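Peer 1: Coordinates only, no sequence provided:
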């Protein structure tokens with residue numbers, strides 16, 4: 001009976017761990033994304049999940065019309081295609097405390113033991129598979 005109880009307790013603990021580590025945070029992310037998509041209004045800059053950057057022109061139930069670029073191309077997209085509000089860039093912001101790359105390390109004494117004559121003889125040796 002004690003072993004059956006411990007097995008049941010272990011199963012309950014595993015389900016609780018999965019819920020708090022995997023399921024609950026994913027639900028929060030989905031809820032936040034849905035709220036962001038529902039709050040879209042004309043004039044906002046968006047980036048789609050495909051990487052298209054544009055300004056929202058009109059909002060309908062399940063779709064948006066966005067305007068991209070200086071040539072004013074208008075695209076009709078669905079709400080679920082909106083990745084984020086604002087422009088996404090891959091550029092990293094410049095900071096004052098940048099890390100300077102280290103100087104290359106000096107040659108090991110073991111590497112210095114190879115003389116140029118040894119290197120030449122290694123080049124002249126043909127591989128075993130070559131006749």
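Peer 2: Cool, got the structure. Just so you know, these numbers come straight off a predicted model, no measurement behind them. Numbers count the residues shown, from 1 in each chain.
Peer 1: Which segments of this structure make up each domain?
Peer 2: 1-39, 40-89 (automatic domain parsing).
Peer 1: Can you add distance to residue 129, mean pLDDT and mean neighbour count and give those domains back as JSON lines?
Peer 2: For the C-beta atoms, the positions are set from N, CA and C on the backbone; glycine is no exception. Output for the domains of the chain, formatted as JSON lines (distance: least, Cβ to Cβ, whole Å; pLDDT from 0 to 100; neighbours: other Cβ atoms under 10 Å):
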{"stretch": "domain 1-39", "distance to residue 129": "52", "mean pLDDT": "92", "mean neighbour count": "10"}
{"stretch": "domain 40-89", "distance to residue 129": "48", "mean pLDDT": "91", "mean neighbour count": "13"}
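Peer 1: Tell me how far residue 25 lies from residue 54.
Peer 2: 30 Å (Cβ to Cβ, to the nearest Å).
Peer 1: likewise residue 63?
Peer 2: Residue 63 is 13 Å from residue 54, where distance means Cβ to Cβ.
Peer 1: same check, this time on residue 80
Peer 2: Residue 80 sits 16 Å away from residue 54 when distances are taken as Cβ to Cβ.
Peer 1: What of residue 23?
Peer 2: Distance of residue 23 to residue 54, computed by Cβ to Cβ: 34 Å.
Peer 1: now do residue 62
Peer 2: Distance from residue 62 to residue 54, counting by Cβ to Cβ: 17 Å.
Peer 1: Leaving out sequence neighbours, find the closest residue to residue 68.
Peer 2: For residue 68, ignoring the flanking residues on the chain, the nearest one in space by Cβ to Cβ, 6 or more residues apart in numbering is residue 54 at 4.1 Å.
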